[in-house]
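J.: Next come a sequence and a model predicted from it.
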Amino acid sequence: MTFAELTDLARREVARLRAKLPADLAPLAARVAVHFAAVPDEALLADGFEPDLLGLFDGATYAEECSADCALPPQIFLYLENLYDYADSDVAAFREEVRVTYLHELGHYLGWDEDDLAARGLD
């Protein structure tokens with residue numbers, strides 16, 4: 001499957017998820033840009049992230065005040081080739097991994113730690 005096809009599938013899955021979020025969470029999720037990349041870039045790897053990273057939240061959480069000096073707005077990165085590999089090249093499993101990874105990273109934006117995410121089945 002090409003990166004363009006994976007991106008299309010992932011975009012549609014994220015849009016579907018956002019449309020189903022509870023009314024109190026939907027406007028918060030809309031504040032967080034979602035970016036799609038094949039794999040983590042060299043800068044992330046140099047920072048110690050694993051090459052098989054599935055997703056990443058970067059930026060201030062919802063609870064944190066972000067003043068004008070914030071370098072970047074809150075963002076979620078989904079690494080599609082890694083997600084597809086993790087899903088053993090199965091499209092249905094890929095969609096599920098996009099779902100779980102997106103919600104996991106959105107949870108970080110909401111201020112949830114790893115224990116909170118695990119309690120919600122998003123680990």
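T.: Noted; the coordinates are in hand.
J.: Only C-alpha atoms from now on, for both contacts and neighbour counts.
T.: Will do.
J.: Count the residues that sit near residue 46.
T.: Neighbour count for residue 46, taken as other C-alpha atoms under 10 Å: 9.
J.: Residue 40 versus that one, what's the distance?
T.: Distance of residue 46 to residue 40, computed by C-alpha to C-alpha, to the nearest Å: 10 Å.
J.: Residue 98 sits in which helix or strand?
T.: Under the criterion of DSSP states H and E, residue 98 resides in helix 91-109.
J.: quick one, what contacts residue 78?
T.: 34, 35, 36, 37, 54, 55, 56, 98, 101, 102 (C-alpha atoms under 8 Å, 6 or more residues apart in numbering).
J.: quick one: the third one is in a strand?
T.: Which is residue 36. Yes: counting by DSSP: H, G, I helix; E, B strand; the rest coil, one finds residue 36 located in a strand.
J.: where does the residue nearest to residue 56 when sequence neighbours are not counted fall, helix, sheet strand or coil?
T.: Spatial nearest neighbour of residue 56, chain neighbours left out: residue 77 (5.1 Å); criterion: C-alpha to C-alpha, 6 or more residues apart in numbering. Classification of residue 77 using three-state DSSP returns strand.
J.: In the chain, which residue is most central in space?
T.: The centroid of the chain falls nearest to residue 102 when counting by C-alpha atoms, centre = their mean (3.6 Å).
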